[in-house]
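1. Need a 3D model of the sequence below.
(chains A and B)
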Protein chains: 2
Amino acid sequence: MNILIIGAAGMIGRKLTHALLKRGEIRGRAIGKLVLADIVAPDRPDFSGDVETVAADLSQPGTAERLVASRPDLIFHLAAIVSGEAEADFEKGYRVNLDGTRALFEAVRLAGAEKPYHPRVVFTSSIVVFGEPLPDVISDTHCLTPLTSYGTQKAIGELLLADYSRKGFFDGIGIRLPTISIRPGKPNKAASGFFSSILREPLIGEEAVLPVSETVRHWFASPRAAVQFILHAAELDTGSLGQLRTLTMPGLCATVGEQIEALRRVAGDDATRLIRKEPDETIANIIAGWPQGFDAARAEALGFRAEKSFDEIIRVHIEDELENQIPERA
Amino acid sequence: MNILIIGAAGMIGRKLTHALLKRGEIRGRAIGKLVLADIVAPDRPDFSGDVETVAADLSQPGTAERLVASRPDLIFHLAAIVSGEAEADFEKGYRVNLDGTRALFEAVRLAGAEKPYHPRVVFTSSIVVFGEPLPDVISDTHCLTPLTSYGTQKAIGELLLADYSRKGFFDGIGIRLPTISIRPGKPNKAASGFFSSILREPLIGEEAVLPVSETVRHWFASPRAAVQFILHAAELDTGSLGQLRTLTMPGLCATVGEQIEALRRVAGDDATRLIRKEPDETIANIIAGWPQGFDAARAEALGFRAEKSFDEIIRVHIEDELENQIPERA
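-> The predicted structure is shown next:
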């Protein structure tokens, strides 16, 4: 099995690489070759097989052709300029997120025009393809009306994925990831950052800022669940997807208050006391335009599974990021 | 008022040109300059003002920049490779329908980066952006899952139109046209051709073939209504559209049987006897994947109006195409 991961240096890309190599096989075949590409060369993993790490900008002419030249059986396309940057730099966002994705799809199509080639392509989309109107529960047949350029680019990616799959150029599947919590690493300036930091920082005894009300409701999955979604998408029989090639992933619908109560149960009052309320109207307004809940019955019927409680999400973080050291209770 | 029509040589483009010049004004201002562009140079209309006819391929580098160089206040983007051709020639369809549209939007954005420029852009989309699943009545918030490359390209155009409008690069509005009936001219090989020919041919005493059952239901408007939609879209206050910048136009939901009964009422049994039933499974299967009815309440609330009966659609055809000569009754 020859695998290409584009966006392999990102948080999800690194975890996916690790999970793949730990399994050693996918779709019933041993992993023989692994190409890890990103805008900066990904770290070289410890792997006995053929592994290649590539620094490559998918939006540059020739890059996509080079990446698919070895005809990978399975392509994970995770690469994207993130939401804030795509909004600030319109041209860069479209170049990377739209032109880059299209270049990849075209490279696969043209490789198949030379001699038969029909890889599985797993594309990560996002729940921000939804934006207006926002019913309380959003189904897979709700219209895509993104409120950002990033969301627009992801929605276009979904449409292209479906059309290229319909035409038989590859076997594509898109998955809309929930907001990932708890993201490991340092606090960042993303508007969604607090959804992770109000749990992550107190778990290591540090203070975190909560800029919104505890009643704010959103849709979550752990990084581990996200990687499992991607692996399951790689293995799934796509025969039943029809033209709806992209699925909203299951997630946990929870309020900030429920996040905090879960933290209290796992790490005690000393942890929750580290959350400092500092209302920020700008962030509150951004979050107000985000979806709250989804009907992911379709994905669930196909075997995708997310966490059922924030206690579970916090335990996953402790296991995967804190060497399974449960913080001392107050 | 400086107006650019791209796709001006097509059936709707010619009727739109004619209607604009007959009015002499739009958005409260006299029409001073008119640029008519298409892949072949449109006919030069009889107009006392400044008129230019241009043969131009929007997908070629530099074309879009040249077309917007005179900074039209109002741009009608009607140009597209039609459904059958976009399906047969994948590269051409994407080049013209996606790259061409994007080139136009980019040219407007870049002109605005030089000095303030914010034209109204009217984009014609199609009901074939819908495809799967197909509820009996499709609302404006139903997902876009086109079953053709043409539908995919139109859906992407809608997303781009919304994002460029949201970013303030232009003031865009998209309208999803119903199937146009009665199309003037000769019979063609489009799968939808019979929806027009079973009325058009008998009205001039010629035979027409009906390849599907009389129970087939679809969504229609006359060419005159389509032009009125486009003109109304040019004048509408877009303030209430939000991010849903594209509207499904009102239409007449009718069965083939209802079309035939209307023909009988207007032109008698001699006309309906000219319809020869010749079932064609291929056409029947294509049509089975088409939408049947829409909830166009949003467009209606904004003042878009379609015909209320097929009798009316037939009378429009007689007035506009047959010099108002009502055929003799049997």
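2. which residues of chain A fall in helices?
-> A:11-23, A:63-68, A:83-88, A:90-93, A:101-114, A:149-166, A:194-203, A:223-235, A:256-267, A:269-272, A:281-288, A:297-301, A:310-321 (DSSP state H).
3. most packed of these?
-> Among the helices of chain A, ranked by average contacts under mean count of other Cβ atoms under 10 Å in any protein chain shown, first place goes to helix A:149-166 (a mean of 26). Glycine gets a C-beta too; all of them are placed from N, C-alpha and C.
4. Which strands or helices does it pack on?
-> Packing partners of helix A:149-166 (3 or more Cβ pairs under 8 Å, 6 or more residues apart in numbering or on different chains; DSSP states H and E): helix A:83-88, helix A:90-93, helix A:101-114, strand A:120-126, strand A:171-177, strand A:246-248, helix B:149-166.
5. So if we follow the domain assignment, how does chain A break up?
-> Using automatic domain parsing, the domain parsing of chain A gives A:2-178+A:221-248, A:194-219+A:251-321.
6. Can you tell me the closest non-neighbouring residue to A:F310?
-> A:A262 (3.5 Å; Cβ to Cβ, 6 or more residues apart in numbering or on different chains).
7. ok, that neighbour - contacts?
-> Neighbouring residues of A:A262 by Cβ atoms under 8 Å, 6 or more residues apart in numbering or on different chains: A:199, A:309-311, A:313-314.
8. For those residues, give me a markdown table that also has pLDDT.
-> As requested, these are exported to a markdown table (pLDDT from 0 to 100):
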| residue | pLDDT |
| --- | --- |
| A:L199 | 97 |
| A:S309 | 97 |
| A:F310 | 97 |
| A:D311 | 97 |
| A:I313 | 97 |
| A:I314 | 97 |
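9. Return the member of the residues you listed nearest to chain B.
-> A:I313 (29.0 Å; Cβ to the nearest Cβ).
10. Could you double-check that that closest one sits in contact with A:D320?
-> No - applying Cβ atoms under 8 Å as the test, A:I313 and A:D320 come out as separate, 10.8 Å apart.
11. Do you know the pLDDT at A:A330?
-> pLDDT for A:A330: 42.
12. that older thread, out of the helices and strands packed on helix A:149-166, which comes closest to B:I31?
-> Closest approach to B:I31 among the helices and strands packed on helix A:149-166 (Cβ to Cβ): helix B:149-166, 23.7 Å.
13. The closest one to helix A:149-166, inter-axis angle?
-> Relative orientation of helix B:149-166 and helix A:149-166, computed by axes from the mean of the first three to the mean of the last three Cα atoms, to 10 degrees: 180 degrees.
14. Could I get the average pLDDT for helix B:149-166?
-> Mean predicted confidence for helix B:149-166 is 97.
15. Can you give the distance of that helix from its chain's centre?
-> In terms of Cα atoms, centre = their mean, to the nearest Å, the centre of helix B:149-166 is set 15 Å apart from its chain centre.
16. CA atoms of that helix as PDB?
-> Provided in PDB are the C-alpha atoms of helix B:149-166 (Å, rounded to 0.1, in the frame of the first residue of the first chain):
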ATOM      1  CA  SER B 149     -20.300  18.800 -14.200                       C
ATOM      2  CA  TYR B 150     -22.300  21.700 -15.500                       C
ATOM      3  CA  GLY B 151     -24.400  21.700 -12.300                       C
ATOM      4  CA  THR B 152     -21.200  21.500 -10.300                       C
ATOM      5  CA  GLN B 153     -19.700  24.500 -12.100                       C
ATOM      6  CA  LYS B 154     -22.800  26.500 -11.600                       C
ATOM      7  CA  ALA B 155     -22.900  25.600  -7.800                       C
ATOM      8  CA  ILE B 156     -19.300  26.700  -7.500                       C
ATOM      9  CA  GLY B 157     -20.100  30.000  -9.300                       C
ATOM     10  CA  GLU B 158     -22.900  30.500  -6.700                       C
ATOM     11  CA  LEU B 159     -20.400  30.000  -3.900                       C
ATOM     12  CA  LEU B 160     -17.800  32.400  -5.400                       C
ATOM     13  CA  LEU B 161     -20.500  35.000  -6.100                       C
ATOM     14  CA  ALA B 162     -21.500  34.900  -2.400                       C
ATOM     15  CA  ASP B 163     -17.900  35.100  -1.200                       C
ATOM     16  CA  TYR B 164     -16.900  38.000  -3.500                       C
ATOM     17  CA  SER B 165     -20.100  39.900  -2.500                       C
ATOM     18  CA  ARG B 166     -19.500  39.300   1.200                       C
END
